[in-house]
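Peer 1: Return a 3D structure for these sequence lines:
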Amino acid sequence: MNPAYSVILFTTASGAGYGLLALLGLTASSVGQSPSLGFAITSMVIALGLITIGLLSSTMHLGHPERAWRALSQWKTSWLSREGVAAVVTYPFALAFGMTWSGLYSAPDAIAPLGLITSGLSLITVFTTGKIYATLKTIRAWHQPLTVPVYLFFALASGASLHLALSALFARAPGAIAPVALIALVTLALLKFLYWHAIDAAPRDHTMANATGLGANVRQWEVPHTTKNFVQREMGFVVARRHASRLRGLFFVLLLCVGLLELFATFIPLISIAAFFTMLIAAWVERWLFFAQGEHVVTLFYGNPQA
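Peer 2: Okay, here's the model as predicted:
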């Protein structure tokens, strides 16, 4: 698939935003009101800002962005629609949580339930995003069980990294977020390694032979077009294996750098800011490769022997 930068921005920005929002809600449910008004407001503005930027960028991938609201109507059958509904439902609870947690509205008894609800809705939204791709049987690399866990732990790892950076800026102790960030990072690296191993080892059984039912010796006699059309440009994009291997290696190197920076941040907290930006670069590399390695079965019609 041709990686669309609007979708890469959407999954990267909203993932970090929802991850941060989920961790803020969980932390507040056990600790209570934030001792720093500035930290609370800044954290909520950044989390909701990243989510909003991501959602708006996703509409740029549509042929008619002005009709994006119609996607909400198909929630019974479409994971894309469920994602939109979950995102919209999250906003009022997140705003209510931010108001009580920051102390702008005094309701200490409501902080814990609102925090847990906001955290749950944030993770549910990320879950629905992952399911959009995991349920596409036409793209073998996405239609497998590790796609959704990777999306969830990417959100948690990037959100935790952002949480550490914000804690450093406001001179707050990271508390339990520091080990959570490292655990999420290690889990993400392991899941991504297993994911890439799984798609490399999976049988490439989508062929022209089984698509037509005409046997193993089927081959294309004449191409359907003399020049590339929209389908070939968007769904026939292929990344060279050597480039994919290098990008995978770069991703793991970046994750290692993030982990080391987060460890050093224990002694020099402001280093966690560099860790977050390194995490964003790692997310961008992984997302680009995720989309680039998705081979659609429609490419069989245009001469691809297998997909």
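
Peer 1: Rounded mean pLDDT for stretch 277-294, please.
Peer 2: Mean pLDDT, computed over stretch 277-294, is 93.

Peer 1: Ok, stretch 107-127 next?
Peer 2: On average, stretch 107-127 scores 96.

Peer 1: what residues does that stretch touch?
Peer 2: 14-15, 18-19, 21-30, 32-33, 83, 86-87, 89-90, 93-94, 96-97, 100-101, 148, 151-152, 155 (CB atoms under 8 Å, 6 or more residues apart in numbering). C-betas here are computed from N, CA, C, even on glycine.

Peer 1: ChimeraX command for the buried members of the residues you listed?
Peer 2: Of the contacts of stretch 107-127, the buried ones can be selected in ChimeraX as follows, counting by 16 or more other CB atoms under 10 Å:
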select :14,15,18,19,21,22,23,24,25,26,27,28,29,33,83,86,87,90,93,94,96,97,100,101,148,151,152,155
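
Peer 1: taking the contacts of stretch 107-127 one by one, which sit in helices?
Peer 2: Among the contacts of stretch 107-127, the ones falling in helices (DSSP state H) are 14-15, 18-19, 21-30, 83, 86-87, 89-90, 93-94, 96-97, 100-101, 148, 151-152, 155.

Peer 1: Can you read off the pLDDT for Ala216?
Peer 2: 68.

Peer 1: ok, now the one 3 residues further on?
Peer 2: On the pLDDT scale, Arg219 is placed at 71.

Peer 1: can you tell me which residues contact it?
Peer 2: Contacts of Arg219 (CB under 8 Å, 6+ apart): Met208.

Peer 1: ok, the residue nearest to Phe264 when sequence neighbours are not counted - contacts?
Peer 2: Among residues not flanking Phe264 along the chain, Ile271 sits closest, at 5.0 Å (CB to CB, 6 or more residues apart in numbering). By CB under 8 Å, 6+ apart, the contact set of Ile271 is Ala168, Leu261, Phe264, Ala265.

Peer 1: Going by neighbour count, which of those comes out on top?
Peer 2: Among the contacts of Ile271, Ala265 has the most neighbours (other CB atoms under 10 Å), with 24 neighbours.

Peer 1: How about the secondary structure of the nearest residue to it once chain neighbours are set aside?
Peer 2: Leaving aside its sequence neighbours, Ala265 sits nearest to Ser272 (CB to CB, 6+ apart; 3.9 Å). Three-state call for Ser272 (DSSP: H, G, I helix; E, B strand; the rest coil): helix.

Peer 1: who touches Ser272 in this structure?
Peer 2: With contacts defined as CB under 8 Å, 6+ apart, Ser272 is in contact with Ser161, Leu164, Ala165, Ser167, Ala168, Pro174, Leu261, Glu262, Ala265.

Peer 1: Quick one: these as a markdown table, columns for distance to Ser106 too.
Peer 2: Shown next, in a markdown table, are the contacts of Ser272 (distance: CB to CB, whole Å):
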| residue | distance to Ser106 |
| --- | --- |
| Ser161 | 32 |
| Leu164 | 29 |
| Ala165 | 29 |
| Ser167 | 24 |
| Ala168 | 28 |
| Pro174 | 27 |
| Leu261 | 38 |
| Glu262 | 35 |
| Ala265 | 33 |
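
Peer 1: for the stretch 1-150 of the chain, which spans come out with low pLDDT?
Peer 2: Residues of the stretch 1-150 of the chain meeting the criterion pLDDT under 70: 61-69.

Peer 1: so which strand or helix has the closest residue to Asn2 other than its chain neighbours?
Peer 2: With sequence-adjacent residues excluded and distances taken as CB to CB, 6+ apart, Asn2 is closest to Phe237, at 4.0 Å. According to DSSP states H and E, Phe237 maps onto no helix or strand at all.

Peer 1: Buried residues in stretch 182-189, which are they?
Peer 2: Across stretch 182-189, burial judged by 16+ other CB under 10 Å covers Leu182, Ala184, Leu185, Thr187, Leu188, Ala189.

Peer 1: is it true that Phe276 touches Gly159?
Peer 2: No - Phe276 lies out of contact with Gly159 (CB atoms under 8 Å); the separation is 9.9 Å.

Peer 1: neighbour count winner among the two?
Peer 2: Higher neighbour count among Phe276 and Gly159: Gly159, with 30 against 24, using other CB under 10 Å.

Peer 1: For that one, which residues are in contact?
Peer 2: So, once contact is read as CB under 8 Å, 6+ apart, Gly159 ends up touching Gly15, Ala16, Gly17, Tyr18, Gly19, Leu20, Leu21, Ala22, Leu23.

Peer 1: for those residues, which one is nearest Phe252?
Peer 2: Using CB to CB, Gly15 comes nearest to Phe252 of those, at 18.6 Å.
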